[in-house]
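sequence first, predicted model second:
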Amino acid sequence: MYDIFLSYATTDRTRLEPLVAAFEQRGWSVFWDHRSIGAGDDWSDEIETAAYENLCMVVVWSHNSLETTVHGEHTRYAIRSKWIRKEAKIAEKREVLIPISLDGIPSPDLFDEYQLVDFKDWNQQATHSTFSKLAQKIQTHVTRHAEQQAAARRKQELENRAQNLEQLAKNLAAQREKLTRRKLDIERQQAEWNADDKALQQQETELARQQRELDAALHPPLPPQQPAPSVIQPHQPVILQAQPMPIQVVARQPFEPEMVAIPAGSFTMGWLNGRDGEGYADENPAHTVRLRHFELGKYPITQAQWQAVMGNNPSHFSKGGDTCPVEQVSWHDVQEFIQKLNQKTGQTYRLLSEAEWEYACRAGENHLYSGSNYVDQVAWHNGNSDGKTHPVGQKQANAWCLHDMSGNVWEWVQDTKHANYQGAPSDGSAWEDARATARVLRGGSWGNVPQNVRAASRSNNAPSGRVSNVGFRLARTLP
């Protein structure tokens, strides 16, 4: 592809040498027939091919290329050479024609509507205004071609991307089908496990009844005895052991979370054999944590509460209603929400530490999930959620009146990601590392299998990540 095709009368060749030199000085490639056609090449084929493969065609009008006919007071100009006429017609059709005049002669009748550049007074220097005018026209064509090439490359890139996305969609569909089959297998296994567990509980209940009957037969009650004489004994104190009942705190403003007082205490955090089902490596080692009391939201923060504080609702499942948990909020978004909420209320709401979250989730009990060993009683998961979030509080609460600690949405906590609990703090404080690139999520969600909504289950995400199954709940430090 040449930048310039030069169409001219052969007798003007010597006159055009300075013009060709000026073109090449500007870095443009020029098709000049006598110099561009190689030995042995077909002259006519090469010229016709080059006439179509250029960015612009400079056609030279001169006394040598045009013939003059006088009709009374009118002078008419016609093209002498059939080759120049043919080349000019090709350029006109391709819209790349740039005519110039060497002798001050006007354009021939067939091309008189084209504005030409008059080179009669050109001093053969590339800096001359006449050449600059022509160069500007040529540069317009060169630039347009570059833009067209860029557009073509962009189109090809988009087509390639579309093909890649189409293939990716096919791959994802295949993976989705595979996961669906796996999900059905897991649901079938879960149903079998639930049936086996229920049957085992019934057998255990029957065994306990039979044991009571056997004990009653082997150890009949003694006959009543006469009361012994009263003897005054020194007063003995009675020691009672009981967990304090959680105290529900009325929200100060409608958009504030309903808080529950969580008692101080200690618990074993992490995976315990016989308590936490089939676990993962990041749930180890199990370790004792002692915590002071604090307040915790009874439910995850809802879409209505987020809307009231932030003035928007980013949730994917916004049609589910105001009482569905807010989701598609990043860890950074949550920090901004907390800052604005505290400004509005004068309170000191915050995210939980991971240890506080698991302590509150277990609520002094040893259930597999938060509040029960039966996942459907307490959690929305991939087997019962219909692929979406649900209004908070619909599932059974745990012993400390906390709802949705298992399932519905994952919940952000303050801690950064660590591979396991080796070196974790024992005082319930957040475990943060400035070098970490992810924050911890707890509780599982509507899209997870039951194994991932266990009380011990952990996950994480980049703090900037926004996902339709991730939300949060708030805590508040007590004096």
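Yes, it's here. Note that the coordinates shown come from a computational prediction; the quantities given were computed from them, not determined experimentally.

in this protein, which helix has the most residues?
In the chain, ranked by residue count with DSSP state H as the criterion, the top helix is helix 129-218.

from the contact counts, what lies against that one?
Here helix 129-218 touches strand 2-7, helix 13-25, strand 54-61, strand 97-101, strand 117-118, going by 3 or more C-beta pairs under 8 Å, 6 or more residues apart in numbering; DSSP states H and E. For the C-beta atoms, the positions are set from N, CA and C on the backbone; glycine is no exception.

for it, give the mean pLDDT please.
When pLDDT is averaged over helix 129-218, the result is 79.

what is the burial count for Ser107?
Close neighbours of Ser107, defined as other C-beta atoms under 10 Å, add up to 20.

next up, the contacts around it.
Residues counted as contacts of Ser107 (C-beta atoms under 8 Å, 6 or more residues apart in numbering) are 61, 77, 99, 101, 114, 116.

check what pLDDT it gets.
At Ser107, the model reports a pLDDT of 86.

how much space between it and Gln115?
9 Å (C-beta to C-beta, to the nearest Å).

next: Asn273.
Applying C-beta to C-beta, the value for Asn273 to Gln115 is 91 Å.

picking up where we left off before, in JSON lines, list the contacts of Ser107 along with pLDDT, distance to Gln125 and neighbour count.
Formatted as JSON lines, the contacts of Ser107 follow (pLDDT from 0 to 100; distance: C-beta to C-beta, whole Å; neighbours: other C-beta atoms under 10 Å):
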{"residue": "Trp61", "pLDDT": "91", "distance to Gln125": "22", "neighbour count": "29"}
{"residue": "Tyr77", "pLDDT": "83", "distance to Gln125": "28", "neighbour count": "20"}
{"residue": "Pro99", "pLDDT": "94", "distance to Gln125": "21", "neighbour count": "22"}
{"residue": "Ser101", "pLDDT": "91", "distance to Gln125": "18", "neighbour count": "18"}
{"residue": "Tyr114", "pLDDT": "86", "distance to Gln125": "25", "neighbour count": "14"}
{"residue": "Leu116", "pLDDT": "88", "distance to Gln125": "20", "neighbour count": "19"}
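
which of the residues you listed sit farthest apart?
Largest separation among the contacts of Ser107 by C-beta to C-beta: Tyr77 and Tyr114, giving 12.9 Å.

of all the helices and strands packed on helix 129-218, which lies closest to Phe131?
For Phe131, the closest of the helices and strands packed on helix 129-218 is helix 13-25, at 5.8 Å, according to C-beta to C-beta.

note down every partner strand of the following helix or strand past that closest one and its orientation.
Next helix or strand after helix 13-25 toward the C-terminus (DSSP states H and E): strand 30-31. Strand 30-31 has its sheet partners listed here by DSSP bridges as strand 2-7 (parallel).

touching the partner strand from outside, list them.
By C-beta under 8 Å, 6+ apart, strand 2-7 touches 16, 19-20, 23, 28-33, 36, 50-51, 53-60, 83-84, 87-88, 91, 138, 142.

and the angle for it with strand 97-101?
Relative orientation of strand 2-7 versus strand 97-101 (axes from the mean of the first three to the mean of the last three C-alpha atoms, to 10 degrees): 50 degrees.

buried residues, strand 2-7. List them.
Residues of strand 2-7 classed as buried by neighbour count (16 or more other C-beta atoms under 10 Å): 2-7.

any idea which of those is closest to Ala261?
For these, the closest approach to Ala261 (C-beta to C-beta) belongs to Asp3, at 81.5 Å.

for Gln25, see how far away the closest one is.
13 Å.

quick one, helices of this protein?
Here the chain has its helices, by DSSP H, at 13-25, 33-36, 43-52, 82-94, 129-218, 303-310, 331-345, 354-362, 375-378.

burial measure for the nearest residue to Val453 once chain neighbours are set aside, as a count.
Nearest non-adjacent residue to Val453, counting by C-beta to C-beta, 6 or more residues apart in numbering: Gly444, 3.1 Å away. Neighbours of Gly444 under the rule other C-beta under 10 Å: 32.
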